[in-house]
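A.B. asks: give me coordinates for this.
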Amino acid sequence: MALGEVVSSSSFRLAISFATAFVISTLLLFAFIYWQTAIVEIERIDSELAHDARLMAEQDPGGLLESVRVRVAYDIHRVTSAAVFAADGSKIAGNLDRLPERVAVDGGAHHADMAMSANGQAAVEILSIVCRRLADGRVLVVGRSIDSLANLRRVVMHALELGVIPAVLLALVAGALLGHRAQARIKAVQRAAERIMLGNLRERLPVTGKGHDFDRIASGVNFMLDEIERLLDHAKSTGDNIAHDLRTPLTRVRSRLERARLTAKTQADLQDSVDRAIGGLDQALRVVTAVLRIGQIERGHRRGNFASVDLYSLVEEIADLFEPIAEEKGIRLSVEAGGSAIVHGDRDLLSEAIANLVDNAVKFTPAGGTVVVGLVSTGDQPLIRVVDSGPGIPPEEREAVMHRFYRSDKSRHIDGCGLGLSLVEAIVTLHGFKVAIGDAEQGGCVFEILCTAEADHGHRGGDAHGPP
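C.D. replies: Numbers count the residues shown, from 1 in each chain. The predicted model follows:
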């Protein structure tokens, strides 16, 4: 892997950013520590010098000179200065060659560069100096070198070198390793994506199972790819089913028209053949129209028509619509509603969904059977239930019947194109409701639509009753 790729990786740049922030914060911390330490040390030295000068000034002349001599003689580190000068500025005793210039003789501590002599050698150092005038006019000078603070500075800088430089190097190495690992993962994802773009839709992004960020992203993309593959397979099977379902009526239309052209002897025979052909074309158009309508609903293009819908009146209207058809087949159609509920949705689409369920129930229920359309108001989730006494749907087929063009073996002889329940599922999904299939207590099938009611739904008294 190229070094440039590692250096340009986000992991490496993040490591550099952390290293930079660490260095800056460490420098600020050490600077603060040094500053605070230097101030405290200088204040301590100044206070001690002022106190010593005051005590020495209270001694007699002989004792003062002895104190100066002892102070200088016992300074093994040669950081202490002490001297006595005459009123005219001439040196009387001590290790300072001259009276400090630009230092006030006020008994307070001041800082100045001074030449200190010891063993015949002189060195210029920064001193904290206290000058105090004695009663006889002489001047007492007591000082201490503060060059030792430079040693503190060197210690701080050495600590910085020992701490910061290895930390920065470690951050760079860690950043390079992380960048290399990130680039390896990205390369693997890129190769998988290239295979997917070349048409291998079963390819998936690598997942290590450790649950880190790359795994979460890869898992999300893999889930999306699973859904895309499912939709593509569904679209392919839908196209195949459309072609199969359109082929039969179109073949019949062609055969009838061809037979009419060859065998029709009268105007009536020709007209009858044309009418049959038109019926076959209408069936093909119904298939295409239903597929387009399902697609439109699934894309959510009908949400603009949502409003408050009274499910009680909707159920009664559907029952009134199908009651004559049920009577003609010898089927008893009834309504059972314990109250009403208001939902937010498209009234026409909900009416179409319920009508499809009732139509299927009437279509598959034999003569002498029953169909019950119910509304159970349970507060926040009213339930629309359609129960029939037909052959029912086996559990292994209940998911498949919701797919487009699916026809079970039991329903092959019944007119239809296998799109009614797909339309119901699309409408229910658009509204955020749920549809379920079960077995009726006395045999048959139960379809339930679990809705979400509006907060202001009301209850209307009503007992089980049949349609008027």
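A.B. asks: okay, CA-based contacts and neighbour counts for the rest of this
C.D. replies: Will do.
A.B. asks: would you map the helices across this structure?
C.D. replies: 3-7, 10-57, 61-73, 148-197, 213-263, 267-298, 311-329, 347-364, 420-431 (DSSP state H).
A.B. asks: quick one: contacts for Arg385?
C.D. replies: Arg385 is in contact with 372-376, 446-449, counting by C-alpha atoms under 8 Å, 6 or more residues apart in numbering.
A.B. asks: so what sits opposite it in the bridge?
C.D. replies: Under DSSP bridges, the beta-bridge partners of Arg385 are Gly374, Glu448.
A.B. asks: any idea how far it is from Val376?
C.D. replies: Remark: distance between Arg385 and Val376 (C-alpha to C-alpha, to the nearest Å) = 8 Å.
A.B. asks: on that earlier part again, list buried residues within the contacts of Arg385.
C.D. replies: The neighbour count (16 or more other C-alpha atoms under 10 Å) marks 372-376, 446-449 as buried among the contacts of Arg385.
A.B. asks: where's the dip in pLDDT among the contacts of Arg385?
C.D. replies: Ranked by pLDDT, those bottom out at Val376 (84).
A.B. asks: wouldn't that residue be in contact with Leu383 here?
C.D. replies: Yes - under the criterion of C-alpha atoms under 8 Å, Val376 makes contact with Leu383 at 5.0 Å.
A.B. asks: mind giving me the domain split of this protein?
C.D. replies: With automatic domain parsing as the criterion, the domains of the chain are listed as 1-203, 213-298, 305-450.
A.B. asks: and those domains, which one is worst for confidence?
C.D. replies: Comparing mean pLDDT across the domains of the chain, the weakest is domain 213-298, with a mean of 76.
A.B. asks: for the residue lying farthest from the centre of the chain, give its distance to Leu99.
C.D. replies: For the chain, the largest distance from the centre (C-alpha atoms, centre = their mean) belongs to Gly62, which lies 85.7 Å off. Distance, Gly62 to Leu99, using C-alpha to C-alpha: 20 Å.
A.B. asks: buried residues in the longest strand seen in the chain?
C.D. replies: Ordering each strand of the chain by length in residues (DSSP state E) puts strand 121-133 first. Counting neighbours by 16+ other C-alpha under 10 Å, one finds that the buried residues in strand 121-133 are 125-133.
A.B. asks: what's the neighbour count on Ala104?
C.D. replies: By other C-alpha atoms under 10 Å, the residues close to Ala104 number 14.
A.B. asks: for it, which non-adjacent residue is spatially closest?
C.D. replies: Distance criterion C-alpha to C-alpha, 6 or more residues apart in numbering; nearest residue to Ala104, sequence neighbours excluded, is Cys131 at 6.9 Å.
A.B. asks: same deal with Ser128?
C.D. replies: His111 (4.5 Å).
A.B. asks: quick one: buried residues of stretch 252-268?
C.D. replies: 253, 256-257, 260, 264.
A.B. asks: and Gly345, what does it touch?
C.D. replies: Going by C-alpha under 8 Å, 6+ apart, the list of residues near Gly345 reads 303, 305-309, 431.
A.B. asks: I'd like the residues you listed laid out as TSV, including distance to Lys210 and neighbour count.
C.D. replies: Below are these laid out as TSV (distance: C-alpha to C-alpha, whole Å; neighbours: other C-alpha atoms under 10 Å):
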residue	distance to Lys210	neighbour count
Arg303	41	13
Asn305	47	12
Phe306	45	15
Ala307	47	13
Ser308	48	16
Val309	49	20
His431	38	21
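A.B. asks: in those residues, find the pair that's most separated.
C.D. replies: Arg303 and Val309 (13.6 Å; C-alpha to C-alpha).
A.B. asks: report the set of residues contacting both of these two.
C.D. replies: 345-346.
A.B. asks: shouldn't Val362 be in contact with Val371?
C.D. replies: Yes - counting by C-alpha under 8 Å, Val371 is a contact partner of Val362 at 6.8 Å.
A.B. asks: which of those two has more neighbours?
C.D. replies: Using other C-alpha under 10 Å as the criterion, Val362 and Val371 rank with Val362 on top: 29 against 25.
A.B. asks: please name the nearest non-neighbouring residue to that one.
C.D. replies: Ala326 (6.2 Å).
A.B. asks: show me the contacts for that neighbour.
C.D. replies: 332-333, 362.
A.B. asks: that one and Glu161, how far apart?
C.D. replies: With C-alpha to C-alpha as the criterion, Ala326 and Glu161 are 94 Å apart.
A.B. asks: try Ser145
C.D. replies: The spacing between Ser145 and Glu161, counted by C-alpha to C-alpha, is 27 Å.
A.B. asks: just name the most buried of the domains of the chain.
C.D. replies: When the domains of the chain are scored by mean count of other C-alpha atoms under 10 Å, the highest mean neighbour count falls to domain 305-450 (a mean of 19).
A.B. asks: end-to-end on that domain?
C.D. replies: This stretch, domain 305-450, spans 20 Å end to end (C-alpha to C-alpha).
A.B. asks: ok, back up a step: how much space between the residue nearest to Ser128 and Leu170?
C.D. replies: 43 Å.
A.B. asks: what of Pro100?
C.D. replies: According to C-alpha to C-alpha, Pro100 stands 52 Å off from Leu170.
A.B. asks: go on, Glu258?
C.D. replies: From Glu258 across to Leu170, the span is 87 Å (C-alpha to C-alpha).
A.B. asks: my read: Gly368 touches Gly330, true?
C.D. replies: Yes - using C-alpha under 8 Å, Gly368 is in contact with Gly330, at 5.4 Å.
A.B. asks: can you tell me the closest non-neighbouring residue to Thr26?
C.D. replies: Once flanking residues are discounted, Thr26 sits nearest to Val164: 7.5 Å by C-alpha to C-alpha, 6+ apart.
A.B. asks: and for Val207?
C.D. replies: What sits nearest to Val207 in space, not counting adjacent residues and going by C-alpha to C-alpha, 6+ apart, is Asp215, at 5.3 Å.
A.B. asks: does the one you found really touch Leu205, like I thought?
C.D. replies: No - under the criterion of C-alpha under 8 Å, Asp215 makes no contact with Leu205, lying 9.1 Å away.
A.B. asks: ok, Asp147 - contacts?
C.D. replies: Taking C-alpha under 8 Å, 6+ apart as the contact definition, Asp147 lies against 125-127.
A.B. asks: check Ser308 too.
C.D. replies: Neighbours of Ser308 in contact, by C-alpha under 8 Å, 6+ apart: 342-345, 454.
A.B. asks: next step: those residues restricted to strands.
C.D. replies: 342-345.
A.B. asks: which one of these is nearest Val139?
C.D. replies: Minimum separation from Val139 among the ones in strands among the contacts of Ser308 (C-alpha to C-alpha) is found for His344, which lies at 101.3 Å.
A.B. asks: beta partners of the closest one?
C.D. replies: Listed by DSSP bridges, the beta-bridge partners for His344 are Ser308.
A.B. asks: from Ser308, how far off is it?
C.D. replies: Taking C-alpha to C-alpha, one finds His344 at 5 Å from Ser308.
A.B. asks: same thing with Pro324?
C.D. replies: Relative to Ser308, and taking C-alpha to C-alpha, Pro324 is found at 29 Å.
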